[in-house]
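A.B. asks: give me the fold of what follows.
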Amino acid sequence: MTMHAATLSSPRLRRVLAVLADGRPHTTRDIVRRARVMAVSACVAELRTHGAVIDCVKQPATTHPGWVWRYTMTKGPET
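C.D. replies: Sure, this is the predicted structure:
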């Protein structure tokens, strides 16, 4: 299946890139708040189609029952 990813000039993807650019892990909630997006996994998938390497780790939450996903960009997209 082919993904129809937005271009890297998309304001939505630019905001997510700005959050992930520091190379540190960011939770889904952190990305939602800082980048003002809702579909974090979709944005990450779109960035990956442009060559970004973004790891996702599922970890037990420490403040509530359930899980937390942390995204870390180790290589930016190809421009």
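A.B. asks: residue nearest the middle of the protein, spatially speaking?
C.D. replies: Val44 (4.1 Å; Cα atoms, centre = their mean).
A.B. asks: residues contacting the helix or strand containing that residue, please?
C.D. replies: Taking DSSP states H and E as the definition, one finds Val44 inside helix 40-49. Outside of helix 40-49, the residues within contact range by Cβ atoms under 8 Å, 6 or more residues apart in numbering are 3, 5-6, 12-13, 16-17, 20, 28, 31-32, 35, 37, 52, 54, 56, 71, 73, 77. C-beta: built from backbone N, CA, C; applies to glycine.
A.B. asks: narrow these to those in helices?
C.D. replies: 12-13, 16-17, 20, 28, 31-32, 35 (DSSP state H).
A.B. asks: just to revisit the earlier point, quick check: buried residues in the helix holding Val44?
C.D. replies: Using 16 or more other Cβ atoms under 10 Å as the burial criterion, the residues of helix 40-49 that qualify are 40, 43-44, 46-47.
A.B. asks: that older thread, could you check how far the residue nearest to the centre of the chain is from His4?
C.D. replies: 15 Å (Cβ to Cβ, to the nearest Å).
A.B. asks: got the contact list for Val32?
C.D. replies: 38, 40.
A.B. asks: most distant residue from the centre of the chain?
C.D. replies: Most distant from the centre of the chain: Pro65, at 22.8 Å, with distances by Cα atoms, centre = their mean.
A.B. asks: quick one, phi psi at that residue?
C.D. replies: phi -70, psi 140 (degrees, to the nearest 10).
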